Each structure stands twice: as C-alpha cells, then as structure tokens.
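1. how would this look folded up:
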Amino acid sequence: MITAQKNQISATLAELYNDAKYDYLKMMKGAAKSIFGPMKPEDFKEAYLSISEDQGVELVKLIKENDLQHIVEFGTSFGISTLFLAQGALETKGRVVTTELIESKGKRAIENFEKAGVADLIEVRIGDAMETLKDHDERIDLLLLDGWKDLYQPLFQMLEPLFHKDTFIYVDNADMAESRAFLKVVGQNERYQLEPLFNGKVVLIKVK
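-> So this is what the prediction gives:
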C-alpha cells in the first residue's frame with residue numbers, strides 16, 4: 001500500500017516539476033515589480049517557488065531516519081515541498097499541517113494532494129500563518145520555513161514552546177538577508193545547533 005502511494009506521489013511531483021520548468025517568466029514578472037516598490041506575496045501568486053528535488057529527497061530521509069511525525073510547514077505554494085513531507089510521513093505514520101497565504105495557491109495545492117492520494121495526511125490552513133498557526137497546540141517534530149522571510153523570526157518565536165529535544169527546523173532560502181538576520185539571532189541561543197546544507201541555501205536547526 002505504501003509503495004503504491006509513494007509511486008502516486010512521485011508521479012504527481014514529476015508533473016509539478018515539469019510545470020515548474022516554465023515558471024521562470026512568472027517569477028521574473030513578480031520580481032520585476034520590486035523595481036517600483038517592495039515585493040509582496042501576491043506578486044508571486046502564479047509562481048511555484050519550489051524546493052529542489054535534491055532537497056525533497058533529503059527531507060524525506062530526515063523524516064524517516066528520525067521518525068518525525070508531527071510536521072508543520074510555513075509556505076505551501078502549490079504543494080511540492082508538502083508532498084515530500086507527506087512521503088516521509090507515510091513511513092512514520094505522521095501528519096503534515098501546512099499554511100499558505102494565497103487562497104488560489106492553497107486550493108491548487110489541495111488538488112495536487114488529492115491527485116497524489118495523500119490529502120488525508122495533510123491539513124491545509126489558508127491565510128496569514130501568524131493567525132492560522134497561533135492556536136496550534138501539538139508538539140512539533142519538524143518545522144519547515146519556506147514562506148515570506150520577514151515572518152521567519154516571529155513565527156519561530158510563536159511556535160517555539162512546541163519544540164522539544166530533537167525537534168528540527170528546516171530553513172530554506174537561508175542565504176537571503178532576512179533569513180541570515182533570523183539565523184544570527186537563533187545562533188546566539190545555546191539551545192540550538194545550526195548546520196548549513198546545500199552550500200548555505202538551507203540551514204538545519206536542531207534543538208539540543
């Protein structure tokens with residue numbers, strides 16, 4: 001059963017990555033708006049902004065090797081990273097809670113989860129993550145930060161009481177200025193161990 005579900009996830013991911021190949025112009029269109037003002041999430045409502053396949057494979061490995069079950073994601077987009085999380089959760093009998101600001105993206109992601117046959121493993125919360133996750137009260141084994149970078153710090157602080165020894169926080173786009181500022185603050189706390197991955201694009205934080 002798990003093998004069949006994993007194959008279904010892999011097929012859906014292949015389709016999404018194929019679509020993402022034609023996503024560059026949408027990303028550039030969104031980025032171009034920053035010339036006339038600050039970038040906003042709405043500027044990228046049609047862009048995939050996905051993690052790489054190599055990152056996805058490593059995420060699955062991390063979940064399986066550490067038996068991570070309670071997974072929270074900030075930044076669903078169209079659900080590529082979420083599907084990798086679900087693939088790992090299949091092995092650990094876990095679940096994924098993911099949040100997406102843009103309603104149209106959240107709805108597309110739900111369709112992708114249904115196509116992949118893992119919608120029952122994923123709870124999608126649409127809206128501002130500071131609101132959709134503020135009442136979250138389950139322990140967090142893995143937190144994936146892959147949304148708007150200025151929310152990394154406040155979201156981390158809000159969810160911090162739910163961390164435990166051996167919780168992992170996976171920080172994507174760690175090489176961006178706001179991410180670096182956030183990581184500098186976290187790195188000053190002896191409770192956390194930081195490990196750069198993928199040439200610094202990702203930083204994995206482990207709770208000691």
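2. can you give me the helices for the chain?
-> Assigned by DSSP state H, the chain shows helices spanning 2-20, 24-32, 53-65, 80-92, 103-116, 129-132, 152-159, 177-187.
3. ok, Leu62 to Glu103 distance?
-> When distances are taken as CB to CB, to the nearest Å, Leu62 and Glu103 turn out to be 30 Å apart. From N, CA and C alone the C-beta is placed, and that goes for glycine too.
4. Of these two, which one has the most company?
-> Leu62 (16 against 11; other CB atoms under 10 Å).
5. what pairs with the closest residue to that one other than its chain neighbours across the strands?
-> By the measure of CB to CB, 6 or more residues apart in numbering, the closest residue to Leu62 outside its immediate chain neighbours is Phe168, 6.6 Å from it. Taking DSSP bridges, one obtains Leu142, Lys206 as the residues bridged to Phe168.
6. show me what contacts Phe168?
-> With contacts defined as CB atoms under 8 Å, 6 or more residues apart in numbering, Phe168 is in contact with Leu62, Asn66, Leu68, Asp141, Leu142, Leu143, Leu204, Ile205, Lys206, Val207.
7. same check, this time on Glu195
-> If you count contacts by CB under 8 Å, 6+ apart, then Glu195 has Val203, Leu204, Ile205, Lys206 around it.
8. The third one and Arg191 touch, don't they?
-> No: judged on CB atoms under 8 Å, Ile205 makes no contact with Arg191 at a distance of 9.7 Å.
9. which one of those two has more residues nearby?
-> Neighbour count, other CB under 10 Å: between Ile205 and Arg191, Ile205 has more, with 23 against 12.
10. Quick check: the more buried one vs Lys115, distance?
-> Using CB to CB, one gets 32 Å for the distance from Ile205 to Lys115.
11. For Leu133, which non-adjacent residue is spatially closest?
-> With sequence-adjacent residues excluded and distances taken as CB to CB, 6+ apart, Leu133 is closest to Thr99, at 6.0 Å.
12. Can you tell me how far that neighbour is from Lys6?
-> Taking CB to CB as the measure, Thr99 falls 25 Å from Lys6.
13. Also Val60?
-> Here Val60 is placed at a distance of 9 Å from Lys6 (CB to CB).
14. Look at the two and report which has more neighbours.
-> Neighbour totals were compared for Val60 and Lys6, and Val60 leads with 21 against 18 (other CB under 10 Å).
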